[in-house]
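**Student:** I'll drop the sequence and a predicted model, then ask my questions.
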Amino acid sequence: STAFLLRMPKKQAFKLYKTSIPMALKTASFTRLLTLANVGREACFSGDSNGAFALVGWKKQQLFLEQCVKLGHNSVWWSILSTNTIYFDPKWFSDGLNADNADTILNKLVSSQVTNRHGVNKSMWLGTRFVSSFGLPPDSV
């Protein structure tokens, strides 16, 4: 996928890439969104032998790269929440998760519904990971 995009004219490639995201959101295909995020990141970076990153593809696309990283991060959480049948709106994550929405999600992650399905340790681990991922106070869990 990445090689295909890199061979296209940049404008056409961006257009193709960006038209794929709304459909994946509409159909709640969060693993597809993660794949799209990874393809976008790979279009900007490639690992070298030292483990550092070197620009190879879409040079000077820092904002696009940041958007892909954020999309990837969010899509992982959307997948976790969806798998655990926790209601959320992906728009909540667009400009940063507000306190009310974060509390709603966190309460559901550590609820009896998730605990009964995965056990207390997994539920608390998810809650702790969520708090850490979104910069919430550690005592929120």
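**Tutor:** Nice, I can see it.
**Student:** now stretch 33-40: how far from the chain's centre is it?
**Tutor:** Centroid separation between stretch 33-40 and its chain, computed with C-alpha atoms, centre = their mean, to the nearest Å, is 9 Å.
**Student:** what about the helices in the chain?
**Tutor:** Residue ranges of the helices in the chain, as given by DSSP state H, are 2-7, 10-26, 30-44, 62-83, 99-109, 112-118, 120-133.
**Student:** list the buried ones in stretch 108-124?
**Tutor:** Neighbour counts over stretch 108-124 (16 or more other C-beta atoms under 10 Å) mark K108, L109, V110, V114, T115, S123, M124 as buried. No exception for glycine: its C-beta is placed from N, CA and C like everyone else's.
**Student:** Can you give me the neighbour number for N98?
**Tutor:** When neighbours are defined as other C-beta atoms under 10 Å, N98 has 10 of them.
**Student:** the bottom helix or strand of this protein by mean pLDDT?
**Tutor:** Within the chain, no helix or strand scores below strand 53-55, which has a mean of 45 by mean pLDDT, DSSP states H and E.
**Student:** what is the mean pLDDT for stretch 30-39?
**Tutor:** Across stretch 30-39, the average pLDDT comes to 91.
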